[in-house]
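S.K.: A structural model of the following input is requested.
(chains A and B)
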Amino acid sequence: MASSMLKSAGEIQNLIFSQNQKLTHLARCGRIDEAVKLFESMPARNAVSWNCMISGLAKNGRVADARHLFDRMASKNLISWNTMIAGYSHNNRVLEASQLFDEMPKRDSYSWTLMISCYSRNGELERARWLFDSMPGVKTPVCYNAMIAGYAKNGMFQDAIVLLTEMPVSARNMVSWNSVLAGYTQNQEMVQGLKFFGEMQEKDVVSWNLMVEGFLQVGDLESAWSFFRATPCPNVASWVTMLNGFSKSGNIDEARRLFDEMPERNLVAWNAMISGYVQFLQIEEAYRLFGEMSERNSVTWTTMINGYIRIGKLEKARELLDSMPFKNVVAQTAMLTGYVQCMRMEEAVELFEKISTKDDFCWNAMISGYAHCGRMDKAVELYKRMPTKSLFSLNTIIAGHAQQGEMHKALEVFKQMRERNTVTWNSIISGLTQNGFYCDSIKHFVLLRNEGRKPDPCTYACGLAACAYLAALQVGKQLHLLLVKSGHVNDLFAGNALINMYARCGRISSAKQAFDEMASVDLISWNTLITGYALNGFGRETISLFKEMEVNGFRPDDITFVGVLSACSHAGLIDEGLKYFDSMSRDHSVERVAEHYACVVDLLGRAGRLEEAYKLVTEMPIKVNAGVWGALLGACRMHGNPDIAKFAAEKLFVIEPQKTSNYVLLSNVHADARRWEDVDRVRSLLKEIGIQKQPGCSWIDIKKKVCSFVSDDPMQPGATEVGFVLEMLCAHIRNTEIMPWSSLLDCG
DNA sequence: ATAGGGTTAG
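M.R.: Residues are numbered from 1 along each chain as shown, chains lettered A, B, ... in the order given. Below you'll find the predicted structure:
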């Protein structure tokens, strides 16, 4: 008995060794909870066990737990310190990593390289270079490569190449070359990338894969395919990259063909194929593959769960989550997001509280859920509960406030943030635009650039939208210039905003030109252009664009028809308008909404066919909204029909009692018909509910004193002088090309 | 068991 209990030192060593291997395996699969359990149950551990656990926790996003273990570790070795720094580096915690680097008792070349790579990856190239230059001893190839990759990823191609040429030839290896190449391909610089690829002395399969992925990212499927075909020895990654390229560009059948043809398939390949089907909402096919798989990991499960969420089968998704053999926070967050999107907050909370290791994404899903349904109080409360606050979550809070129309709160949070990213700025800029603070929106665009940050397509789209609303053509033109220089000009989102800006500034030919110059267009581009032509009164052109759109294979939607119908109305194309109104549901299966009726009422009204307009409204199968009643009332004003006007106005008084113009309009109709009693009645009605027409008013502050100006008030002090100056300014404006903010935007 | 380039999931 006793002899079997006693294990020799060798046996104990063997046990530790095998359990350490198991730990590594579990950590690599993301099964970190199981790894923790195993670690805690181990009868004996060595430094490797501890280091392995620290690394595993950090790589699974639990950097705080990793640090806790590190602090508890009695006999830390150099590798423990390096591992902890790597852990911080993986989680982009530059500050903590550098603190540890400063504190550590001894450093080796690993420590230096880790820190250099940490700075590099986070865009702090100057610090990285400083460390690189002050590093003692011979620099390893890895160290050179980390520095090169840092330069290349941040678009500093020249610095990357200089270092590549400077490094000892003996140290230069495939990774060095590929790091530079990856810089080009990942920054969508395929022209330069292709040139560099051609100049590379040797290429391996990674180089080819980078080229394929690069072409896919710029949407050049053809080149991607020919590079894939030309790859000398494609590996699984090559196949998966191409497969993914097919499914992302809408060719699921091609993707499947590739999957079937692959010489070998690993878990990643299976996951990519499932993900393809999920993107296509072919969940049954995804599930069939899922069933055929001999091995699944958390990615597999998460993809499948997401699939069911995307088709609205939350119960099935939950069933999958519950049957997952090892739950991880990613899958749980996917489910959480599903609940949140369906506004099922009780279930979301219940799941959220169950998740033992909440990471940034998990917290943020919950916070954005509350923001999404307008519960900003809850969102803020949750944010305060977060153990380590993430930038991500603060961005969500800002966006939430903006959505609720509480820009002052959003700006308050924004001002207090010590760290901001492009998303932060975009949330503020888009919030300002959406809430009507157009000038502030553009000002923040300028501020962002002054901070040295690069606007992304979304920033441009928001800035251009602000210009569109302001009809600020000059600023809009400058944004256009910057957009071209930034290289985002082929982005759909930004391109569509550009069309809209020109159209709303009355420059329809520039709008058309922007449309024509786009690399590819979507339905929104067409709608924006069509609406733009309509807005500017080009009836015939709108209709021919509509036809052109159909020829190009785009199917019109409800917004297209609002554009077409309003164009017909503005241009007096009565028969065409009625024809489209008839055909939209019959030939295009687009259901009529209230806006369409409003257009047609307006159209009939303008043609003096009031009775028909009235009949249309009374027979509407859907709820009549203020827009329709307003169009009817407007038509009555044009053609003098006090009876219908009264009918429409009374409806409007219920829907929007605060809108003064409705009362004024009705009173005018009565006045035109010389029905003075009715005029008095409307006027007294207006007084009764205490509404007064607000006179136009503006103000400026001069020397801490606010001077206000009320429109049409000749009694105002200084009115004559102000009028004179104004006259002069107007003359000046007519003779000058104004470039507001031109110095700030600095188009160079 | 710790550092560099390429593929999948929130």
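
S.K.: Can you classify residue A:621 as helix, strand or coil?
M.R.: coil (DSSP: H, G, I helix; E, B strand; the rest coil).

S.K.: measure it to residue A:578 for me?
M.R.: Residue A:621 is 17 Å from residue A:578, where distance means CB to CB, to the nearest Å. (Glycine included, C-beta is placed from N, CA and C.)

S.K.: who's more crowded, those two?
M.R.: Neighbour count, other CB atoms under 10 Å: between residue A:621 and residue A:578, residue A:578 has more, with 18 against 6.

S.K.: Check whether that one really touches residue A:603, as I assumed.
M.R.: Yes - if you go by CB atoms under 8 Å, residue A:578 and residue A:603 touch, sitting 7.5 Å apart.

S.K.: end to end, how far does stretch A:631-646 reach?
M.R.: End-to-end distance of stretch A:631-646 (CA to CA, to the nearest Å): 13 Å.

S.K.: what's the average pLDDT for that stretch?
M.R.: The pLDDT scores in stretch A:631-646 average 87.

S.K.: what comes into contact with that stretch?
M.R.: A:598-599, A:601-602, A:604-606, A:608, A:610, A:613-614, A:617, A:648-649, A:652, A:662, A:665-666, A:668-670, A:672-673, A:675, A:678 (CB atoms under 8 Å, 6 or more residues apart in numbering).

S.K.: Mark which of those are buried, thanks.
M.R.: By neighbour count, with 16 or more other CB atoms under 10 Å, the contacts of stretch A:631-646 hold A:598-599, A:601-602, A:604-606, A:610, A:613-614, A:617, A:648-649, A:652, A:662, A:665-666, A:668-670, A:672-673, A:675, A:678 as buried.

S.K.: Show me these that map onto helices.
M.R.: Here DSSP state H is the test, and those give A:598-599, A:601-602, A:604-606, A:610, A:613-614, A:617, A:648-649, A:652, A:662, A:665-666, A:668-670, A:672, A:678 as lying in helices.

S.K.: which residue is nearest the centroid of chain A?
M.R.: Closest residue to the average C-alpha location of chain A: residue A:458 at 7.0 Å, with CA atoms, centre = their mean.

S.K.: Would you agree that residue is in contact with residue A:496?
M.R.: No - Residue A:458 is not in contact with residue A:496 according to CB under 8 Å; the separation is 11.9 Å.

S.K.: Quick check: the residue of the stretch 351-500 of chain A found nearest DNA strand B vs residue A:93, distance?
M.R.: Closest contact between the stretch 351-500 of chain A and DNA strand B, by CB to the nearest atom of the strand, is at residue A:361 (4.0 Å). Note on residue A:361: its distance to residue A:93, by CB to CB, is 16 Å.

S.K.: of the two, who's got more company?
M.R.: Per other CB under 10 Å, whichever of residue A:361 and residue A:93 has more neighbours is residue A:93, with 21 against 18.

S.K.: In terms of helices and strands, where is the residue nearest to residue A:269 when sequence neighbours are not counted?
M.R.: Nearest non-adjacent residue to residue A:269, counting by CB to CB, 6 or more residues apart in numbering: residue A:240, 5.3 Å away. If you go by DSSP states H and E, residue A:240 is part of helix A:236-248.

S.K.: Helix or strand with the lowest mean pLDDT in chain A?
M.R.: Ranked by mean pLDDT, DSSP states H and E, the helix or strand of chain A with the weakest confidence is helix A:742-745, at a mean of 42.
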